[in-house]
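K.L.:
Sequence plus predicted model, see below.
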Amino acid sequence: MSRNQRAGLRQGIIQTSLEIGSELGEEGLTMRGIAARLGVSATALYQHFESKASILREIRLFGAELLQAEVVEPAAEISDPPARLRAMASNYVVFARTHRWLYSVMMEHAQLDWSAMSGEELELMLRPLKTCIQWLHEGEQHGVWRPDLNIDAAGFRLWLSMHGLCSLLNSGRIDEQHPVFPFADQDSFVEHFIADSVQALCAVPSR
């Protein structure tokens, strides 16, 4: 097998794992199942990944790159600081709802151990949060935010609130059928949630 073929197989393993995980969940994701769908031997898989855990690690890194492309980069083109944060938050929600299983592997997996990640892995996974904080600092230089705002803490709180929102949406706890807190219009709820979250940071009204 040539180097290009090996690289292609490695990428194929990741893509196939994403497909199977999205269809069947983690319980349905097995080395044998991945090999069968790819039409290769299990031995060929183990030449690239030693276990399912190593595949999930690679999926998280793939997801971090995809999140950067779909969430951060489109919002970066917006110059107005509050509008840029709102766009980033909206993109984040769309990402989580579109790639539900990938998002769960990235952010909610039981074996997600931040302390075991390399410096490069941490940089990739934390890049959206660091970008959010960077944008808040840029807005601070233009007097956009409340003067009493702790920028680093505010960025972390905003990231946490978006993660909580996405987890509740994906678990069905924000839904028109919810027995306690029904929301007939999810999109409107999300839009107002994001707008209010960013507005709370602003020195003057900005809609």
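P.N.:
Received it, and whenever you're ready, just let me know what you need. Just so we're clear, the structure is a prediction, and the values are computed from it rather than from any experiment.

K.L.:
any idea how far the residue lying closest to Val144 once chain neighbours are set aside is from Gly139?
P.N.:
Nearest non-adjacent residue to Val144, counting by CB to CB, 6 or more residues apart in numbering: Pro81, 4.7 Å away. (C-beta placed from N, C-alpha, C; glycine too.) For Pro81, the distance to Gly139 (CB to CB, to the nearest Å) stands at 3 Å.

K.L.:
Between those two, which contacts overlap?
P.N.:
Common neighbours of Pro81 and Gly139, counting by CB atoms under 8 Å, 6 or more residues apart in numbering, are Trp145.

K.L.:
Pull out the buried residues from the lowest-mean-pLDDT helix or strand in the chain.
P.N.:
Lowest mean confidence among the helices and strands of the chain (mean pLDDT, DSSP states H and E): helix 3-24, at a mean of 83. Neighbour-count burial for helix 3-24, counted by 16 or more other CB atoms under 10 Å, picks out 9, 12-14, 16-18, 20-21.

K.L.:
One more: stretch 120-132?
P.N.:
Quick answer for stretch 120-132 (16+ other CB under 10 Å): 124-125, 128, 131-132.

K.L.:
what does it rub up against?
P.N.:
Residues outside stretch 120-132 that contact it (CB under 8 Å, 6+ apart) are 57, 60-61, 64-65, 67-68, 71-72, 76, 85, 88, 92, 106, 114, 117, 155-156, 158-159.

K.L.:
Now, of those, which are buried?
P.N.:
With burial judged by 16+ other CB under 10 Å, the buried subset of the contacts of stretch 120-132 is 57, 60-61, 64, 67, 71-72, 85, 88, 92, 106, 117, 155, 158-159.

K.L.:
Between those residues, which has the least confident prediction?
P.N.:
Scanning the buried ones among the contacts of stretch 120-132 for pLDDT, the low point is Met117. It has 79.

K.L.:
nearest residue to that one other than its sequence neighbours?
P.N.:
Excluding its sequence neighbours, the residue lying closest to Met117 (CB to CB, 6+ apart) is Met125, at 6.9 Å.

K.L.:
Quick check: the one you found is in a helix.
P.N.:
Yes. Counting by DSSP: H, G, I helix; E, B strand; the rest coil, Met125 is found in a helix.

K.L.:
how close does it sit to His178?
P.N.:
Going from Met125 to His178 by CB to CB gives 31 Å.

K.L.:
cool, Leu126 as well?
P.N.:
For Leu126, the distance to His178 - CB to CB - is 32 Å.

K.L.:
what do you get for Leu149?
P.N.:
For Leu149 relative to His178 (CB to CB), the value is 33 Å.

K.L.:
What of Trp135?
P.N.:
To His178, Trp135 is 33 Å away according to CB to CB.

K.L.:
Check Ala87 too.
P.N.:
Ala87 is 28 Å from His178, where distance means CB to CB.

K.L.:
Out of the two, name the residue with the larger neighbour count.
P.N.:
Using other CB atoms under 10 Å as the criterion, Ala87 and His178 rank with Ala87 on top: 20 against 12.

K.L.:
Please give me every residue in contact with the residue lying closest to that one once chain neighbours are set aside.
P.N.:
Nearest residue to Ala87, sequence neighbours excluded (CB to CB, 6+ apart): Ala75, at 4.0 Å. Ala75 is in contact with 84-85, 87-88, 91, counting by CB under 8 Å, 6+ apart.

K.L.:
I'm done for today, thanks for sticking with me.
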